[in-house]
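Novice: sharing a model prediction with you, sequence too.
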Amino acid sequence: MRPRTTIAGKVCATMTTSVSPPLGPAPLPELTPRQEAALAKLAYAAEQPGALAVLCGPDGVGKTTVLRHEIGRAHV
């Protein structure tokens, strides 16, 4: 029998939940040759003092994937 709680004359079931810790980050997919070239240019620009790099392209080409690879490299 589940425990019951009375609130303002109504009987409510008390629910318990268990919360699992969040999963770690998903592994990064392998880069295509074009993404590797973009990553190399981005890494080069990041090493230049005062440089500014813009990573742009249409939806689905892997801009976020390239940035995640660069961030992963920067934290090594």
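Specialist: Good, I have the coordinates. Note that the structure is predicted; figures quoted are calculated from it, not measured.
Novice: can you list contacts of the lengthiest helix in the chain?
Specialist: Secondary structure of the chain per DSSP state H: the longest helix is helix 33-47. For helix 33-47, contacts defined as CB atoms under 8 Å, 6 or more residues apart in numbering pick out 31, 51-53, 55, 61-62, 65-67, 69-70, 73-74. The C-beta positions use only the backbone N, C-alpha and C, and glycine is treated the same way.
Novice: I'd like the average pLDDT over it.
Specialist: Averaged across helix 33-47, pLDDT comes to 92.
Novice: now do the buried residues in it.
Specialist: Burial within helix 33-47, assessed by neighbour count using 16 or more other CB atoms under 10 Å, is assigned to 35, 38-39, 42.
Novice: make CSV from the residues you listed and add distance to P27 to it.
Specialist: Formatted as CSV, the buried residues of helix 33-47 follow (distance: CB to CB, whole Å):
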residue, distance to P27
Q35, 15
A38, 20
L39, 16
L42, 20
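Novice: circling back: quick one: name whatever helix or strand follows the longest helix of the chain.
Specialist: helix 63-74 (DSSP states H and E).
Novice: what average pLDDT does that following helix get?
Specialist: According to the model, helix 63-74 has a mean pLDDT of 86.
Novice: just the CA trace of that helix, in PDB.
Specialist: Output of helix 63-74 as PDB, limited to C-alpha atoms (Å, rounded to 0.1, in the frame of the first residue of the first chain):
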ATOM      1  CA  LYS A  63      30.100  23.800 -37.200                       C
ATOM      2  CA  THR A  64      29.300  22.800 -33.700                       C
ATOM      3  CA  THR A  65      31.200  19.600 -34.100                       C
ATOM      4  CA  VAL A  66      34.300  21.500 -35.200                       C
ATOM      5  CA  LEU A  67      34.000  23.900 -32.300                       C
ATOM      6  CA  ARG A  68      33.600  21.000 -29.800                       C
ATOM      7  CA  HIS A  69      36.800  19.400 -31.200                       C
ATOM      8  CA  GLU A  70      38.600  22.800 -30.800                       C
ATOM      9  CA  ILE A  71      37.400  23.200 -27.300                       C
ATOM     10  CA  GLY A  72      38.400  19.600 -26.500                       C
ATOM     11  CA  ARG A  73      41.900  20.400 -27.900                       C
ATOM     12  CA  ALA A  74      42.200  23.600 -25.900                       C
END
